[in-house]
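[1] What would the 3D arrangement of this be:
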Amino acid sequence: MLLKNSAGIPDAERLEMRRRRMELRYQAYLKKTSHSRDNDTEGEWLLEELQGLRQHPDQQDPFEVKEDRLRAAMILWRRGDLVGRANELWEITKLDADDVEALFLYGLGLRDLETQPNLDDKYRENLHIVMAQLLREAERRLGKLNEVGLLGDNEARTWNERFQSLRLQ
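    A predicted model of the protein is given here:
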């Protein structure tokens, strides 16, 4: 049985229309040259919509969940919320253990956090601990991917060098 809402539109079609509207507004948001951190109603709407899409029972496609988290990370970065951005990127790394790019993006997010002015010593120390954990996890994942043949020796070495470049000062 095809479920319909009060407007007579099937739920799957309604979800697709909602996703398309969000995507169009997201693209327009990215084209804006400036963003107010105090009064960013469009960014707020997008983040709420992305959260709602992730929680929708028909929205469990891992690729779309990853893309939605990437969108949220980009919005949070544009808004200056580097902690929120890092959290979204971390969630992506949990979706697919083979996604080395997502793990690297998370590392970039951590590195960006370290450059923030006025970090207290405790926060900076925790950030260094988390980065060290990330580098160990990257090494473990790269080794495993290389061992099962999903990454060649040269590719694994290149990724390892990229991760090592993330070391905090």
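
[2] quick check, residue 116 in a helix?
    No - counting by DSSP: H, G, I helix; E, B strand; the rest coil, residue 116 is not found in a helix; it is coil.

[3] Just the pLDDT at the nearest residue to it once chain neighbours are set aside, thanks.
    Counting by Cβ to Cβ, 6 or more residues apart in numbering, residue 116 lies nearest to residue 82, which is 6.6 Å off, once chain neighbours are set aside. C-betas here are computed from N, CA, C, even on glycine. On the pLDDT scale, residue 82 is placed at 91.

[4] wait, residue 82 sits on residue 110?
    No - applying Cβ atoms under 8 Å as the test, residue 82 and residue 110 come out as separate, 9.1 Å apart.

[5] okay, the residue positioned nearest the centre of the chain: pLDDT?
    In the chain, the residue lying closest to the centroid (Cα atoms, centre = their mean) is residue 89, at 3.2 Å. Note on residue 89: pLDDT of 92.

[6] For it, pull up the helix or strand it's in.
    helix 82-95 (DSSP states H and E).

[7] Can you point out the buried residues in that helix?
    By 16 or more other Cβ atoms under 10 Å, the buried positions in helix 82-95 come out as 82, 84-93.

[8] now those residues as TSV including distance to residue 131?
    Shown next, in TSV, are the buried residues of helix 82-95 (distance: Cβ to Cβ, whole Å):
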residue	distance to residue 131
82	14
84	18
85	15
86	11
87	15
88	17
89	13
90	12
91	18
92	17
93	14
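
[9] Quick check: the farthest pair among those residues?
    82 and 93 (16.5 Å; Cβ to Cβ).

[10] domains for the chain, by residue range?
    Annotated domains of the chain cover 8-80, 83-169 [automatic domain parsing].

[11] least reliable of the ones you listed going by mean pLDDT?
    domain 8-80 (a mean of 84).

[12] Please compute how far that one lies from its chain's middle.
    Remark: domain 8-80 is offset 12 Å from the chain centroid, using Cα atoms, centre = their mean, to the nearest Å.

[13] What is the burial count for residue 67?
    Neighbour count for residue 67, taken as other Cβ atoms under 10 Å: 14.
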